[in-house]
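K.L.:
here is the input, now give the coordinates:
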Amino acid sequence: ARYGIRGALTVVQMVMSGMFDRFSKLELYFAESQVGWVPIYLEQMDHNYSRHRHWAEEIYQMKPLGRPPSEYIKQHILWGFFDDPVGIKLRHEIGVDKIIWGGDFPHVESDWPNSGEALGKQFEGVPENEQALMVAGNAARFMHLD
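P.N.:
As a prediction, the model looks like this:
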C-alpha cells in the first residue's frame, strides 16, 4: 500500500514502532516538506538510536530495530519539494528515487506561472535522467501510473 500523508504521525514514531518491519512494502510520501534537511535528519536518527537504544530497550521494552533508522527511511519514505536548491545538491544523500517535485499551485509557495524557469535554476547541472525522476518518474511509480 502507498499513501500520501501529512500531519500528526512522525517518521520517528513510524520507524521506532517497527511499522516498516510489519509492513515491508509500505511507502509514504511527505508532500511539501522540502528535502535539504533530510540528510542531517538521517544522520541524527542513526546517532541518537545508537546512543539511546539500549536503555530504551531495557526500560520501555522497545524491540531493537533490524537496521539503522536511516535505512528504513531511505527505503520507505518519499519526500516532496518545490523550491529547495540545497536539497537538490544533497539529492544523492537522500536518494534521487525518493524525491518528488511539486508545483504547489495555487498556494503561495508556487512559482506558477514561472514554475519551469524556477525548476530549471534548481536543476542546473543535474543530469536529465535524474531530473526526469524527480519531476515525474518517482511520482508515477509511487502512484502506479504508466
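
K.L.:
didn't residue 56 look like it was pressed against residue 64?
P.N.:
No - look at residue 56 against residue 64 with Cβ atoms under 8 Å: they stay out of range, at 9.2 Å. The C-beta positions use only the backbone N, C-alpha and C, and glycine is treated the same way.

K.L.:
between the two, point out the one with more neighbours.
P.N.:
Using other Cβ atoms under 10 Å as the criterion, residue 56 and residue 64 rank with residue 56 on top: 14 against 10.

K.L.:
can you list the low-confidence ranges for this protein?
P.N.:
1-9, 105, 107-108, 110 (pLDDT under 70).

K.L.:
could you pull out the strands for it?
P.N.:
Using DSSP state E, the strands of the chain run over residues 2-5, 27-30, 77-81, 99-101.

K.L.:
export these to JSON lines and tack on distance to residue 129 and mean neighbour count?
P.N.:
What follows is those, written out as JSON lines (distance: least, Cβ to Cβ, whole Å; neighbours: other Cβ atoms under 10 Å):
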{"stretch": "strand 2-5", "distance to residue 129": "23", "mean neighbour count": "12"}
{"stretch": "strand 27-30", "distance to residue 129": "21", "mean neighbour count": "19"}
{"stretch": "strand 77-81", "distance to residue 129": "18", "mean neighbour count": "23"}
{"stretch": "strand 99-101", "distance to residue 129": "13", "mean neighbour count": "24"}
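
K.L.:
which stretch among the ones you listed comes nearest residue 37?
P.N.:
strand 77-81 (9.5 Å; Cβ to Cβ).
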